[in-house]
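>>> predicted model, plus sequence, below.
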Amino acid sequence: MHKFYLIVPAAIMLFCGACKTGEKEKELSAEEKRMSDSVSKIEQKKRADSLKQKNPLLIMPPDSSFTGDYVDKYPGGIIKFKGFFRFGQRHGQWMSFYPTGTLWSEMHYDKGVKEGPNIAYFENGAKRYEGMYKSDFRDSVWCYYDSTGKVAERVLFKHDKVVKKLPLQDK
């Protein structure tokens with residue numbers, strides 16, 4: 001009997017909420033939509049700025065639907081990151097640089113997913129490591145180098161898991 005008293009009021013509230021008294025939903029005017037979009041973009045920018053303050057190396061688009069070139073610079077004007085966003089996601093080649101302007105890394109993305117070659121460098125320009133990503137996972141032989149450019153380690157990855165360490169080879 002107690003269950004009946006709980007179900008009936010809930011059903012009545014649901015029925016009354018679904019049956020409006022002929023009121024039509026108010027459609028937003030073009031100006032109201034523009035204002036709403038502006039507020040949304042301002043909130044996204046505040047959130048991105050807050051996250052970037054916590055992690056200066058974080059790369060975020062100006063808004064979630066941004067498409068276009070992206071360049072972030074160090075305070076001195078030297079490029080820190082450059083790449084392309086497609087609908088708010090990294091796409092194509094992305095490069096990062098040391099504060100001296102020397103290339104730090106090259107990474108490739110396909111609609112926000114790491115896909116293709118990834119190469120990182122020491123500040124002296126020598127390779128630090130290189131390998132391939134497939135669907136956001138390391139998936140190839142990755143070579144790690146010492147600061148002189150000599151191969152220090154070779155590791156085979158499959159779906160981001162180490163399959164085995166490989167013997168060193170002279171290049």
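Sure thing, it's come through.
>>> rest of the way, CA atoms for contacts and neighbours
Noted.
>>> what is the end-to-end distance of stretch 76-92?
Separation of the first and last residues of stretch 76-92 by C-alpha to C-alpha, to the nearest Å is 26 Å.
>>> neighbours of residue 68, just the number please.
Residue 68 sits with 15 neighbouring residues when counted by other C-alpha atoms under 10 Å.
>>> surely it meets residue 90?
No: using C-alpha atoms under 8 Å as the test, residue 68 is too far from residue 90 to be in contact (9.8 Å).
>>> what do the two both touch?
Counting by C-alpha atoms under 8 Å, 6 or more residues apart in numbering, the residues touching both residue 68 and residue 90 are residue 84.
>>> could you report the neighbour count for the nearest residue to residue 74 once chain neighbours are set aside?
In this structure, residue 74 finds its nearest non-sequential neighbour in residue 80, 5.7 Å apart by C-alpha to C-alpha, 6 or more residues apart in numbering. When counting by other C-alpha under 10 Å, one arrives at 21 neighbours for residue 80.
>>> confidence score at residue 80?
According to the prediction, residue 80 has pLDDT 94.
>>> so how far is residue 122 from it?
According to C-alpha to C-alpha, residue 80 and residue 122 sit 15 Å apart.
>>> the helices in this protein, which residues?
Secondary structure of the chain by DSSP state H: the helices cover 2-18, 30-54.
>>> least reliable of these by average pLDDT, please.
helix 2-18 (a mean of 47).
>>> which residues in this structure form strands?
In the chain, the strands defined using DSSP state E lie at 68-73, 79-86, 89-90, 92-97, 103-110, 113-121, 127-134, 137-138, 141-145, 151-158, 161-166.
>>> thanks again, I'm all set now.
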